[in-house]
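**Q** Below: sequence and its predicted model.
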Amino acid sequence: MMIDRKFKYTVLASLISSLALISSPSFANGFHTSNGGTTGGEGGNVVYATTGTQIHEALCNRASSDTPIIIQVEGTINHGNTSKVSGDSCNTAADKIELKDISNVTLIGVGNGALFDELGIHIRSSSNIIIRNVHVRNVKKSGSPTSNGGDAIGLEKDVSNVWVDHVTLEASGGESDGYDALIDMKNNTKYVTLSYSILKNSGRGGLVGSSDSDSNNGPVTFHHNYYENINSRTPLLRHATAHSYNNYYNGLISSGMNPRIGGKIKAENNYVKDSKDPLGTFYTNDMGYWDVSGNIWDNVTWSSDGSKLHPAGPNPVSTTSISIPYDYHPDKASCVPSIVMATAGANKGLAVSDGSCSVTPGDGNSGGGSTGGGNDGGSGGNDGGSTSGTNLALNAAADGSSKGSGTSYGNVTDGDTSTYWSPQGRTGTISVKRLNRTINAVRIVELSGTQGTVTSWSLVNNDNGATLASGNSVPNVITFPDTNLDKVNFVIKSANGTPAIAEFEVYKN
């Protein structure tokens, strides 16, 4: 059956508009958007890694410790494939993923997923870090093997602007079993967001401030996370301020949100089920404070107030007022369980809530930045970007270096993803020409069933030979600074089979 081409273009434009909406700051809000924002590796090269050693090599091979980079990770990362790598732009270690003395880095799981097995992620003296779509499990501080002090993710000292999103963090017990926390923030850790993540089966969720004297941390945002079978610390707050909204707490065993010694938490539109003492000041008489609204307490047990035991319930009321500096649109608490279970955790396609109790499809296994008024994307090969407006290639022309039997250059500009171009062999160039305009984004669509064939590529301004972006696996969207050109080349440098490019889309966002 023939489909009207104009109709196809309308559908395509609608899809592109949806992708752009996903990238808007309203879906990536939190305190990480403050202090200049958090963009991670936006603008940097995209590097593919399947071992911990390769992650460290990617950091060490940069020109400097602040050169932006997006590290796409696939496979199981463990002690057996993670070694120390040395270089002027890195400071790594063998027993953990070491993000130390660096900035402007995105670490994101792609493809079939990234599992950090018994190996923690350690962040120290670093800023502008994004961690997305990874699974970290069973990191121990005692027993064997040990890693990262027993924290799945540890933000240890002098850390700022970190976004942890769509991750799964889990242990198999508490401190007596050799584990510490799922995510800890301490010793001058500021402007952090944990969003759309799963934390489960641990004695400790995490803390902000490691001791009563550790007073220079936060603010932190926790939203759309799922906490299951956690004993305490969801989170523990010493002095710091936190915003906790639209989280689903299920099976908190001893206590939950625990602001103390001046800590403050704004807890709104959360859903708490089958839990004990989910909010209050516990294990001390040095009180914290809470600003509560819109929460649902479902089958919650509240202790009686006593020495070092100060629950907020059974009818929690606010003891302070906290102002939030960023825009956000919380879901109603009644739909939080369904929304969170559909979106939280690694390998969920980075799906998010639309703020109205509906799920919005994510941008796939993309990398790159977010926030601070920017796209959920970036330049120079960052596939976390977005596209909007008209696909300019539909009104242009195409050529290339060679074409395989039965394929055509024009197939990449016809708006039909069932037709395609292939080179003669595994390498070659496909180009869109007669543009004569400014562009800043392209989208390379591989033929269905051939995704992952291209293993090294570059995007080149044919007019002057300048490289606009480069990488390994083909990203969802490639963005770069505004560039006026007539012809743009997608150069396939290596592949593990014959590439098949269905569409070469060109945009000016």
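**A** Alright, I've got the coordinates. No experiment lies behind these values; they were computed from the predicted model shown. Numbering: from 1, shown residues only.
**Q** and Gly345, how many residues sit next to it?
**A** Gly345 has 22 neighbours, counted by other CB atoms under 10 Å. Backbone N, C-alpha and C define where each C-beta goes, glycine included.
**Q** ok, and the closest non-adjacent residue to Asn484?
**A** Thr438 (4.6 Å; CB to CB, 6 or more residues apart in numbering).
**Q** gap between that neighbour and Val47?
**A** Noted for Thr438: a distance of 28 Å to Val47, by CB to CB, to the nearest Å.
**Q** Of these two, which one has the most company?
**A** Neighbour count, other CB under 10 Å: between Thr438 and Val47, Val47 has more, with 24 against 12.
**Q** Is the more buried one bridged to anything, and to what?
**A** Under DSSP bridges, the beta-bridge partners of Val47 are Ile71.
**Q** check contacts around it.
**A** The contact partners of Val47, by CB atoms under 8 Å, 6 or more residues apart in numbering, come to 54, 58, 69-72, 471-472.
**Q** again with Ser197
**A** Each residue near Ser197 by CB under 8 Å, 6+ apart is listed here: 164-169, 225-226, 344-345.
**Q** shaky segments in the stretch 351-500 of the chain?
**A** Low-confidence segments of the stretch 351-500 of the chain (pLDDT under 70): 363-389.
**Q** Can you give me the distance of the spatially closest residue to Gln451 that is not a sequence neighbour to Ala502?
**A** When the adjacent residues along the chain are set aside, Gln451 lies closest to Val474, with 7.4 Å between them (CB to CB, 6+ apart). Distance from Val474 to Ala502, counting by CB to CB: 11 Å.
**Q** who touches both of the two?
**A** Shared contacts of Val474 and Ala502 (CB under 8 Å, 6+ apart): Glu446.
**Q** circling back: make a ChimeraX selection of the buried ones in the contacts of Ser197.
**A** With 16 or more other CB atoms under 10 Å as the criterion, this ChimeraX line picks the buried residues out of the contacts of Ser197:
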select :164,165,166,167,168,169,225,226,344,345
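**Q** Which residue ranges of the stretch 251-400 of the chain form strands?
**A** Taking DSSP state E, counting those that start in this stretch as the criterion, the stretch 251-400 of the chain carries its strands at 258-260, 264-268, 271-276, 280-282, 289-293, 296-301, 309-311, 352-353, 359-360, 397-400.
**Q** same deal with the stretch 401-509 of the chain?
**A** Assigned by DSSP E, counting those that start in this stretch, the strands in the stretch 401-509 of the chain fall at 428-433, 437-446, 454-461, 467-471, 478-485, 488-495, 501-507.
**Q** which strand is the longest one in the protein?
**A** Longest strand in the chain by number of residues (criterion: DSSP state E): strand 103-117.
**Q** Which helix or strand lies directly C-terminal to that strand?
**A** Beyond strand 103-117 on the C-terminal side, the first helix or strand identified by DSSP states H and E is strand 121-124.
**Q** Give me the sheet partners of that next one and which way each runs.
**A** For strand 121-124, the paired strands and their directions (DSSP bridges) read strand 97-100 (parallel), strand 153-157 (parallel).
**Q** Export those as JSON lines, with columns for mean pLDDT, distance to Asp298 and mean neighbour count.
**A** Putting the strands paired with strand 121-124 into JSON lines (pLDDT from 0 to 100; distance: least, CB to CB, whole Å; neighbours: other CB atoms under 10 Å) gives the following:
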{"stretch": "strand 97-100", "mean pLDDT": "98", "distance to Asp298": "37", "mean neighbour count": "25"}
{"stretch": "strand 153-157", "mean pLDDT": "98", "distance to Asp298": "29", "mean neighbour count": "24"}
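**Q** For Ala344, which non-adjacent residue is closest in space?
**A** When the adjacent residues along the chain are set aside, Ala344 lies closest to Tyr226, with 4.5 Å between them (CB to CB, 6+ apart).
**Q** separation between that neighbour and Asn133?
**A** Distance from Tyr226 to Asn133, counting by CB to CB: 15 Å.
**Q** Now for Asp88: which residues touch it?
**A** Contacts here follow CB under 8 Å, 6+ apart; on that basis Asp88 touches 60, 64-65.
**Q** Quickly find the element holding the residue lying closest to Val85 once chain neighbours are set aside.
**A** Counting by CB to CB, 6+ apart, the nearest residue to Val85 once its immediate chain neighbours are dropped is His56, at 3.9 Å. His56 is part of helix 52-60 when elements are defined by DSSP H and E.
**Q** chain center to that helix: distance?
**A** The chain centre lies 19 Å from the centre of helix 52-60; the measure is CA atoms, centre = their mean, to the nearest Å.
**Q** just stretch 344-356 next, same as before
**A** The chain centroid and the centroid of stretch 344-356 are separated by 11 Å, computed with CA atoms, centre = their mean.
**Q** what does stretch 139-153 give?
**A** Averaged over its C-alpha atoms, stretch 139-153 has a centre that lies 23 Å from its chain's centre (CA atoms, centre = their mean).
**Q** and if you look at stretch 270-280?
**A** Here the centre of mass of C-alpha atoms in stretch 270-280, compared against the chain's by CA atoms, centre = their mean, lies 27 Å away.
**Q** Also stretch 304-311?
**A** 38 Å.
**Q** Quick one: end-to-end distance for that stretch.
**A** For stretch 304-311, the separation between the terminal residues is 7 Å (CA to CA, to the nearest Å).
**Q** Now do the buried residues in it.
**A** Per 16+ other CB under 10 Å, stretch 304-311 contains these buried residues: 309-311.
**Q** tell me the contacts of the spatially most central residue of the chain?
**A** Nearest to the geometric centre of the chain sits Arg132, at 2.7 Å (CA atoms, centre = their mean). Neighbouring residues of Arg132 by CB under 8 Å, 6+ apart: 106-109, 163-167, 350, 367.
**Q** all helices of the protein, in order?
**A** According to DSSP state H, the chain carries its helices in the segments 5-22, 52-60, 336-343.
**Q** With only the CA atoms kept, save the second one in CSV.
**A** Output in CSV follows, covering the C-alpha atoms of helix 52-60 (Å, rounded to 0.1, in the frame of the first residue of the first chain):
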residue,chain,number,x,y,z
GLY,A,52,36.8,-0.8,33.0
THR,A,53,40.3,-0.5,31.6
GLN,A,54,38.9,1.0,28.4
ILE,A,55,36.9,3.5,30.5
HIS,A,56,40.1,4.6,32.2
GLU,A,57,42.0,4.7,28.9
ALA,A,58,39.3,7.0,27.5
LEU,A,59,39.8,9.4,30.3
CYS,A,60,43.6,9.2,30.1
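**Q** what comes up buried for that helix?
**A** Neighbour counts over helix 52-60 (16+ other CB under 10 Å) mark 52-60 as buried.
**Q** what pLDDT, on average, does that helix get?
**A** Averaged across helix 52-60, the pLDDT comes to 97.
**Q** The longest one too?
**A** Mean per-residue pLDDT for helix 5-22: 34.
**Q** ok, now stretch 301-317?
**A** Average pLDDT, stretch 301-317: 98.
**Q** How about residues contacting that stretch?
**A** Taking CB under 8 Å, 6+ apart as the rule, stretch 301-317 contacts 275-285, 287, 290, 292, 295, 297, 300.
**Q** and stretch 43-52, how far apart are its ends?
**A** 23 Å.
**Q** again with stretch 446-458
**A** Across stretch 446-458, the straight-line distance between its terminal residues is 15 Å, by CA to CA.
**Q** quick revisit: could you dump the buried residues of helix 52-60 into JSON lines with distance to Asn148 added?
**A** Converted to JSON lines, the buried residues of helix 52-60 look like this (distance: CB to CB, whole Å):
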{"residue": "Gly52", "distance to Asn148": "12"}
{"residue": "Thr53", "distance to Asn148": "17"}
{"residue": "Gln54", "distance to Asn148": "19"}
{"residue": "Ile55", "distance to Asn148": "14"}
{"residue": "His56", "distance to Asn148": "14"}
{"residue": "Glu57", "distance to Asn148": "20"}
{"residue": "Ala58", "distance to Asn148": "19"}
{"residue": "Leu59", "distance to Asn148": "16"}
{"residue": "Cys60", "distance to Asn148": "19"}
